[in-house]
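**Student:** sequence-free structure coming up:
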């Protein structure tokens, strides 16, 4: 799946699993690829920008954290891992599958209360 939009004169592609090399080659120079899937796309373009998968900085109180995925920086966790930790810490006994979605605001507030922070990307 792919969604294209323009923001500030830049073309942004929201991409899911299965983005082919051929599709990437069709993107104009300067396109920003933002994945919403668990794994990042293969970077085949040097004239485009690639965002990481949804992720957050781990709390400073966490010890022995290196990196959870080899494409993320140190002390950064994918949103899927953060969600699992939050469910355990908060005692939430719900499962988010398919179209079932938990309260996004509640999850966001809980993540911040437990010390997770948004991942800031270099400009």
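**Tutor:** Looks like it came in fine. What you are looking at is a predicted structure, and each value in this text was computed from that prediction instead of being measured.

**Student:** ok, residue 24 to residue 107 distance?
**Tutor:** Relative to residue 107, residue 24 is positioned 31 Å away (Cβ to Cβ, to the nearest Å). To be clear about C-beta, it is placed using only N, CA and C from the backbone, and glycine gets the same treatment.

**Student:** what does residue 39 give?
**Tutor:** Residue 39 sits 22 Å away from residue 107 when distances are taken as Cβ to Cβ.

**Student:** between these two, who's got more neighbours?
**Tutor:** Shown here are residue 39 and residue 107; by other Cβ atoms under 10 Å, residue 107 has more neighbours (19 against 11).

**Student:** pretty sure the more buried one is in contact with residue 83, am I right?
**Tutor:** Yes: when contacts are counted by Cβ atoms under 8 Å, residue 107 is listed as touching residue 83 (7.1 Å).

**Student:** Strands of the chain, residue ranges please.
**Tutor:** When secondary structure is read from DSSP state E, the chain shows strands at 2-7, 10-15, 32-35, 49-50, 55-57, 76-78, 117-118.
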